[in-house]
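Asker: Compute the structure for the input listed below.
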Amino acid sequence: IHFYKREMTKICINCGASVLGKNGEESSKLFDENLYKKTKILKLLPCEKCGTICDRYLEYEGTLILLDLALQNKAAYRHVLINENHTSTILKMSLLTLIVEGYCRWATFQTGGQFFEQEFQFYTNVGEALTSLVVYLLVSVFIILNTSLVRTSV
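Answerer: Here you go, the predicted model:
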């Protein structure tokens, strides 16, 4: 799955400020482009506002990023959703969230019985979690569209 790609300005994952290049303009890269072109060395840009490295996750393995996402780390979410195109990571995290939600529902209302009955109940709970997510997304889109239509007609 490929989403529409465009060169967006990047943000600092720590404070949320826009990343500025050496000339003070908003940057579409998180590293020094001139140094990379000359030497193939990635020097990550510092944030002008908070003074830390803008996006340390450029150097991290995908597994560590997924772990930080599972731990609800705000910086990891900023990296995945804003600074990089991690469509596969987002899909993996969505699937993991659905399985965990299904397990939580299954563990709460577990009724005993044979293994295959419990397995069927687990998959049913994952399906319920998926249905809940789809309904939530559809209602949210409806509310957003309805609100935008009301604002444009006024």
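
Asker: This protein: helices as residue ranges?
Answerer: 33-39, 62-70, 74-78, 87-108, 115-153 (DSSP state H).

Asker: Out of these, flag the one nearest residue 11.
Answerer: For the helices of the chain, the distance to residue 11 is smallest for helix 74-78, at 6.4 Å, taking C-beta to C-beta. Any C-beta I mention is one placed from the backbone N, CA and C, and that applies to glycine too.

Asker: which parts of the closest one are buried?
Answerer: Across helix 74-78, burial judged by 16 or more other C-beta atoms under 10 Å covers 75, 76, 78.

Asker: and that helix, what's its mean pLDDT?
Answerer: Mean pLDDT, helix 74-78: 88.

Asker: which residues touch residue 80?
Answerer: Taking C-beta atoms under 8 Å, 6 or more residues apart in numbering, we find residue 80 in contact with 57, 65, 69, 86, 89, 90, 93.

Asker: Just give the closest residue to the first one, not the sequence neighbours.
Answerer: Think residue 57. residue 79 (4.0 Å; C-beta to C-beta, 6 or more residues apart in numbering).
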